[in-house]
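Trainee: Here is a sequence with its predicted model. Questions after.
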Amino acid sequence: MTEPTSPTRPLVGRGAELDDLDELLSSVATGGGATVLLEGEAGVGRTRLVEALQGTAELLGVEVRLGRAVGPGAAPYALLTDALLGPAPGRDDAGPVVAELTALLEVLPPDRADAPARFARADELFAALVRRRGEQGPWVLVLEDVHLADTCTLHLLASLAGEGALPQALTVMTLRGVPHRTELDVVVAGWTRAGARYLELRPLGPAATVELAQRLLNARIGPALRGVLATTGGNPRLVVDVVRTAEACGVLERSGGVVEAVGTGWLDELDEVGRAHVQHLGPQVLTMLAQASVLGGSFVVGDLAALAGEPVTECWRTLRHGLAAGVVHARGDRLVFRHDLVRTALYAALDEGQRRSLHARAAWALRAAGAPSHVVAAHLERAR
């Protein structure tokens, strides 16, 4: 599969995933059916892979239908409606199934319990639409951000999993990890049992991170800029945001084919980039992560619980959202911030009084836990 580039984010370091999608697309083009669950943290590049898939499908003459979930408040079947009932270039979708389904969607109430027969008919029509679509030739169905999908779409996707892959279709569902959304768990489990390929997009390694920045800037990058990029944890969107922020703030200097970041005039803007990356987590999770940032790049959950004045079980209940989102990850008996850019931004968002108070409580908690005296002293110094 070729690697098309984007003016905002070149596709770097995804050769293995592209090869997997290429193989599956080829199998569909010759009459098979396949399903992919494409998972990864926010900004890791799920949409860029989908764009690459669309480009290859276009070269092969395979139609792609794409829908994107919009989150809370969406109408019933919003994701499937976006993917299947929107206009398709060069093809007439005006058939009896589409006509009946379109009319039915206009009269569905928000709650399934208010019109169970109508919803059952909508399930039947959507299922017929996707099952019969393969009779017209191979196609690709992309459902983006399934973790945000409406309940009716998830209900139907779970039901379809019981019949296996859609005929002559490559079905790609992209999602982020979301803790304990029961309907989503049922969909993922159902399609896993049906033989879906699971692709996890992991952060880029150091070399690919630098390569992405160099392709964005069309030049080699200097050590100071490399150091800032290392704080992104290999998240492609954060890499792009760091480079674009540096350009917008005018802190990049070019000399001898090398681009370097100079000065500190962009640090506040970098903090904004870090905070924006995790804003979707909500205030309770962000408050807990901000408290954890006082303990450093890694921390023991028991120490955080003592600092926050919460039971360990309650801390875990909150932190699981950060784990699922890829903001922190487990390393033995501790948690580690995946992106130091985010940790620094959360710490910077604390006002001076909050920081001093949290460092004082951290010193008390760490002393009680048996931390080395110099670690405790460092927190006491910051508490002054």
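Mentor: Yep, it's here.
Trainee: so which strand or helix has the residue most central in space within the chain?
Mentor: What sits nearest the mean C-alpha location of the chain, by CA atoms, centre = their mean, is Ala42, with 2.7 Å. If you go by DSSP states H and E, Ala42 is not part of any helix or strand.
Trainee: In a strand, Ala165, correct?
Mentor: No: under DSSP: H, G, I helix; E, B strand; the rest coil, Ala165 falls outside any strand and is assigned coil.
Trainee: Relative to Val172, how far out is it?
Mentor: To Val172, Ala165 is 12 Å away according to CB to CB, to the nearest Å. Bear in mind the C-beta positions are built from the backbone N, C-alpha and C, glycine included.
Trainee: The two: which has the busier surroundings?
Mentor: The neighbour count for Ala165 versus Val172, taken as other CB atoms under 10 Å, is higher for Val172 (28 against 21).
Trainee: For the more buried one, which three-state class applies?
Mentor: strand.
Trainee: Surely it touches Glu51?
Mentor: No: the pair Val172 and Glu51 does not pass the contact test of CB atoms under 8 Å, sitting 11.7 Å apart.
Trainee: Spell out the residue ranges of the strands in the stretch 251-384 of the chain.
Mentor: 252-255, 258-261, 298-299, 328-331, 334-337 (DSSP state E, counting those that start in this stretch).
Trainee: Quick check: buried residues in the last one?
Mentor: Residues of strand 334-337 classed as buried by neighbour count (16 or more other CB atoms under 10 Å): Leu335, Val336, Phe337.
Trainee: Check the second one too.
Mentor: Residues Val259, Glu260, Ala261 are the ones in strand 258-261 that count as buried (16+ other CB under 10 Å).
Trainee: Looking at those residues, spot the one nearest His280.
Mentor: His280 lies nearest to Ala261 out of those, by CB to CB, at 27.6 Å.
Trainee: And the closest residue to that closest one other than its chain neighbours, how close does it get to Pro72?
Mentor: Leaving aside its sequence neighbours, Ala261 sits nearest to Leu225 (CB to CB, 6 or more residues apart in numbering; 4.3 Å). Distance from Leu225 to Pro72, counting by CB to CB: 39 Å.
Trainee: So which of those two has more stuff around it?
Mentor: The neighbour comparison of Leu225 against Pro72 (other CB under 10 Å) goes to Leu225, with 25 against 6.
Trainee: for that one, helix, strand, or coil?
Mentor: On the basis of three-state DSSP, Leu225 is classed as helix.
Trainee: Give the full set of residues in contact with it.
Mentor: Each residue near Leu225 by CB atoms under 8 Å, 6 or more residues apart in numbering is listed here: Ala213, Ala246, Leu252, Val259, Glu260, Ala261.
Trainee: wait, the third one sits on Glu260?
Mentor: Yes: shown here, Leu252 and Glu260 form a contact pair, counting by CB under 8 Å, at 7.1 Å.
Trainee: What segments of the stretch 51-200 of the chain are helices?
Mentor: For the stretch 51-200 of the chain, helices defined by DSSP state H, counting those that start in this stretch occupy the ranges 78-84, 96-105, 116-133, 151-161, 182-193.
Trainee: how many other residues sit next to Glu124?
Mentor: For Glu124, using other CB under 10 Å, the count is 13.
Trainee: and what of Gln54?
Mentor: Neighbours of Gln54 (other CB under 10 Å): 16.
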